[in-house]
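1. Pasting a predicted model and its sequence here:
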Amino acid sequence: GQSLEQPSEVTAVEGAIVQINCTYQTSGFYGLSWYQQHDGGAPTFLSYNALDGLEETGRFSSFLSRSDSYGYLLLQELQMKDSASYFCAVRDTNYGQNFVFGPGTRLSVLP
Amino acid sequence: DAGVTQSPTHLIKTRGQQVTLRCSPKSGHDTVSWYQQALGQGPQFIFQYYEEEERQRGNFPDRFSGHQFPNYSSELNVNALLLGDSALYLCASRNRGVNSPLHFGNGTRLTVT
């Protein structure tokens, strides 16, 4: 089977750094993506890791360790607008390289 | 450049009825996937269409079917609606590039009463 785990909720203050972890189990791992979804909105793409290591895009960075079946999303200099749900998604060859999403982490940024 | 568009935005149906949801992919995209998102949960993969054929399917019953047209737009059909089918239905498109990300529409909120 296939499963992904993320913390259900994370709270942090403006300007802080927060890390959202994701662990996965699948025999068909091809890559790990992160998506952001604001309430009532569409999921939007943040990052993709196919190889081990850190990918940086502005205030957001994503890390992957395939040997540990683990990845994380790092958000720096948090802003109020970062309050949203964040989903890790595995690109899975068991699903024709389609993306299978985790349950999501709700991030609340406090003033 | 229009992104992914879905219609309708909201829909209310009764148990046992049938529903059709529509999706136009982002310009330049030829692959469409459909996801079901229950409240407070992550999107669940229903199926993917490419070249007008269903290429891959998630763990959904045959009541869920789809179609892709020559212009790459797509429809999701759900027959014999159940209360548990109430959810946000998301359409996502991408091109066939290896690392091409999914681009999502704003979804159709389906309520089954």
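-> It's in. Numbers count the residues shown, from 1 in each chain, chains lettered A, B, ... in the order given.

2. Kindly state the beta-bridge partners for the closest residue to A:S69 other than its chain neighbours.
-> Counting by C-beta to C-beta, 6 or more residues apart in numbering or on different chains, A:Y24 is the residue found nearest to A:S69 once chain neighbours are left out, at 5.3 Å. C-beta here means a position set from N, CA and C on the backbone, and glycine is covered the same way. A:Y24 has the following beta-bridge partners by DSSP bridges: A:L4.

3. remind me which residues of chain A are low pLDDT?
-> Counting by pLDDT under 70, chain A has low-confidence residues at A:1.

4. Thought B:N71 was touching B:D30, still the case?
-> No. The criterion here is C-beta atoms under 8 Å, and B:D30 misses it with B:N71 at 10.0 Å.

5. quick one, which of these two is more surrounded?
-> Neighbour count, other C-beta atoms under 10 Å in any protein chain shown: between B:D30 and B:N71, B:D30 has more, with 14 against 8.

6. what sits against the residue of chain B found nearest chain A?
-> As assessed by C-beta to the nearest C-beta, chain A sits closest to B:Q56 within chain B, at 3.3 Å. By C-beta atoms under 8 Å, 6 or more residues apart in numbering or on different chains, the residues touching B:Q56 are A:Y95, A:G96, A:N98, B:F47, B:Q48.

7. Also A:D92?
-> A:Q2, A:T26, A:G28, A:F29, A:Y30, A:N98, A:F99, A:V100.

8. does the most centrally placed residue in chain B have beta-bridge partners, and which?
-> Centroid-nearest residue in chain B: B:W34, 3.1 Å away (criterion: C-alpha atoms, centre = their mean). With DSSP bridges applied, B:W34 shows beta-bridge pairing to B:F47, B:C91.
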